[in-house]
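Trainee: Based on what follows, work out the 3D shape:
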Amino acid sequence: MDERITKLLRGSRHGLTFREIFTGLELPAKKRGALQKSLRELAAKGTVWKVRNRFFWPSGAKVVRGRFSAAFGGFGFVTPEDSAGRDIFIPARATSGARQGDLVQVLVADKGKTDKPEGRVTRVVKRFQERILGVYLEREGRPSLLPLDSLGGQEIPLRPVAAFSPAPGMIVAAGRDSAQVEEVFGFPDDPGVDTRVVIRKFGLSTAFSAEALAEAEGLSAEMTSEERAARTDFLDWPTVTIDGEDAQDFDDAVSIRRLAEDRTLLGVHIADVSFYIRPDSALDREAFERATSAYFPGLTLPMLPERLSNGLCSLRPREEKRTFSALLEMNAQGEVLAAEFKPSLIRTVERLTYTSVFKIFNDDPDELRRYREIVPELRAMRELARSIRRRRREEGSLDFDLPEPELIYEEGRLQSVALTGQNEAHKLIEDFMITANEAVASFLERQQAASIYRVHPPPDSADLEKLREILLALGLFLPKPPKVTSRDLQKVLEDAAGRTEEKLVSRELLRAMRLAVYAEENQGHFGLARRTYTHFTSPIRRYPDLVVHRRLKDILSGSKTKPQGLASTALHCSTRERNADAAEKDLLEWRIFRLLHSKLGEELRGTVVEINKAGLLLALDDYFVEGLLAFTDLGGDYFRLKSPGTVMGRRTGRLFRLGDRLSVTLAAVNPIERRMNLVLSRAKSKERR
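Mentor: Below is the predicted model of the structure:
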């Protein structure tokens, strides 16, 4: 029977269910048990693979490699190395011991229970870390570990070790092979424990090697006359930086000059990091390994040592600095007519903040007086940025304009979460940086130069169809895939603006999007509606920008050398970027959930953003996290799906819809698991759309 089974599976690329195998083999009913036994044995030996209810012949199945991301329920997702692939859901029983960040091999079924790719980890190719972080427990005197990356999963038995004596409830690190405690962090609420745990969990670097630090100390801002002559001198241009109040690394500055009535010269001047960081130096190797800076509340883990990031490369006010300038001749419609790229020298006249510039735009008398020498240039920049933004929007560039959370502390204790949105000054810098990045990418492509591009693939048709169903339930229109363009999605955002469902619509659009990544091949940028795009403007904090600077210099100098390993560099940088983003989000959510734990019993407002089997998922108004309002806590009623995005109680006829605004009471919070339970407030609790 085994040979007949394998022969049948060899002919099916997408695998077969038990029923399909039983039917295909034309077995009598009495052989049903024997077939089940054979399939179990074949799967146990690895001769065939089983994913959920389907069996596969390995050589004909789809096998991919990617990075494993663990979820608190014990399940996880794998991001394929192929940037065009969709994330693959891995059920808890199919992780094969993979942990956060591991490089794994996955057997993939095209569709799982959720109509998304689903798979089973068949091999851990390379471990991300040799230790597992978790909560230390003791059961009848026997130590065990509840891993932080799968708190809903199984505990791991530990072997006692005399060197450490953690108390139950402490967070510890245990060896994956030794199954012994190797480091103790402390209790979750102890000061600094959360930051140290997140840094370790995501494998972030906190220190530079002695060799890299020695290299940094040996660098000098001094300039020879030959180098000075080789750089274009913009020292007398009124150039400024515009950043947040707490910004530490200033890697971009801007200037503007009128060329004619309808033409403007925009200067985007970027710190010349590539002058200091030579390929394959100790500094370069460490910058590559990090690939990006990571930002936590009150702590930055920079890609470069402070002597560079906050010193030599930082465009601090009234200091002469080496830069790489993009000079963009632009018309009144915000179009680039011509572009030049030059190693340069600048001296910024002011270190401006978004707040100050926005006040100037709104004619604040104090700010106008303080910065009177550069107000004309700022107003000219505003006019140009508005033209660029108008053109970008007409071409379909997506603008989610979502507020960011900012943690507010008083005397070292977290008191609240503030919403920080973008003002016009933020958007001005964003528009200028996007314009410069696109101009550089277009130049590289015209030169047919090997480089790294920033690519954003279009959304998957299945994800767009799911989005379309949700939007239709909210009374919003989206064309059928594959006809959807970024203009269509921008139109949805505009139609939802000001409605109670605005947050929900933005959330669902983002969920339908694929991640932007780095790639050697230009594939366009869907979200920005750009045919070609790269990253050039932040080499202090992003390694791909440093690579692009080097490629530009090679081309401008006439070099024909093609660098090696661009594809692997792009993949590595994409992976590290995603890892740093996840770490930043993890610590932020941990602290917000801990704040909410101190507010048990308080009434909160939220929006229904998802309906699942367990209940209603609400996005809380002021906290940037989501909590569950369980069906079991809604008066003992049985709720069923009435229409897409709507459930109705069988006994009461009560309706809940996506986008509903509810008043809820905070009933339970688990900061470690990032979970909270909500109950409906007794007061009038619902706003209809």
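Trainee: Tell me where the stretch 101-250 of the chain has strands.
Mentor: Assigned by DSSP state E, counting those that start in this stretch, the strands in the stretch 101-250 of the chain fall at 103-109, 118-126, 131-139, 142-147, 156-157, 171-175, 181-186, 232-233, 239-243.
Trainee: Tell me what angle the fourth one forms with strand 131-139.
Mentor: Our comparison of strand 142-147 with strand 131-139, counting by axes from the mean of the first three to the mean of the last three CA atoms, to 10 degrees, yields an angle of 140 degrees.
Trainee: how far out from the middle of the chain is strand 142-147?
Mentor: Counting by CA atoms, centre = their mean, to the nearest Å, strand 142-147 is centred 31 Å from the centre of its parent chain.
Trainee: Could you pull up the residues touching Gly134?
Mentor: 145-148, 156, 171-172, 174 (CB atoms under 8 Å, 6 or more residues apart in numbering). C-beta coordinates here come from the backbone N, C-alpha and C atoms, glycine included.
Trainee: Need the max-distance pair from those residues.
Mentor: Ile156 and Ile171 (14.1 Å; CB to CB).
Trainee: More neighbours: the two, which one.
Mentor: Ile171 (26 against 18; other CB atoms under 10 Å).
Trainee: in the protein, which helix has the most residues?
Mentor: Criterion DSSP state H: the longest helix present in the chain is helix 566-597.
Trainee: Could you export stretch 573-580 as CSV, CA atoms only?
Mentor: Provided in CSV are the C-alpha atoms of stretch 573-580 (Å, rounded to 0.1, in the frame of the first residue of the first chain):
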residue,chain,number,x,y,z
CYS,A,573,19.0,44.5,5.5
SER,A,574,15.4,43.7,5.0
THR,A,575,15.5,41.0,7.7
ARG,A,576,17.3,43.3,10.2
GLU,A,577,15.0,46.2,9.5
ARG,A,578,11.9,44.0,10.2
ASN,A,579,13.6,42.6,13.3
ALA,A,580,14.4,46.1,14.7
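Trainee: about what we covered before: could you export the contacts of Gly134 as CSV, including pLDDT and distance to Arg514?
Mentor: Output for those, formatted as CSV (pLDDT from 0 to 100; distance: CB to CB, whole Å):
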residue, pLDDT, distance to Arg514
Leu145, 93, 35
Leu146, 90, 33
Pro147, 90, 29
Leu148, 88, 27
Ile156, 90, 34
Ile171, 96, 34
Val172, 96, 37
Ala174, 94, 35
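Trainee: which one of the residues you listed is nearest His269?
Mentor: Leu148 (43.3 Å).
Trainee: ok, the closest one - how many residues close by?
Mentor: Leu148: 24 neighbours (other CB under 10 Å).
Trainee: ok, it - contacts?
Mentor: 133-135, 171, 197, 201, 672.
Trainee: Could you dump the residues you listed into CSV with distance to Arg651 added?
Mentor: Below are these laid out as CSV (distance: CB to CB, whole Å):
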residue, distance to Arg651
Leu133, 45
Gly134, 42
Val135, 40
Ile171, 44
Val197, 45
Lys201, 45
Ile672, 36
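Trainee: Are any of the residues you listed buried, and if so which?
Mentor: Buried members of those, counted by 16 or more other CB atoms under 10 Å: 133-135, 171, 197, 201, 672.
Trainee: Pull out the buried residues from the helix or strand harbouring Lys7.
Mentor: Element membership of Lys7, judged by DSSP states H and E, is helix 2-10. Of the residues in helix 2-10, 5, 8-9 count as buried by neighbour count, 16+ other CB under 10 Å.
Trainee: Now distance to Pro459 too, for the residues you listed, in JSON lines please.
Mentor: Below are the buried residues of helix 2-10 laid out as JSON lines (distance: CB to CB, whole Å):
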{"residue": "Ile5", "distance to Pro459": "38"}
{"residue": "Leu8", "distance to Pro459": "36"}
{"residue": "Leu9", "distance to Pro459": "33"}
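Trainee: Check what pLDDT the closest residue to Leu464 other than its chain neighbours gets.
Mentor: Take Leu464 and drop its neighbours on the chain: the residue closest to it by CB to CB, 6 or more residues apart in numbering is Pro481, 4.2 Å away. On the pLDDT scale, Pro481 is placed at 86.
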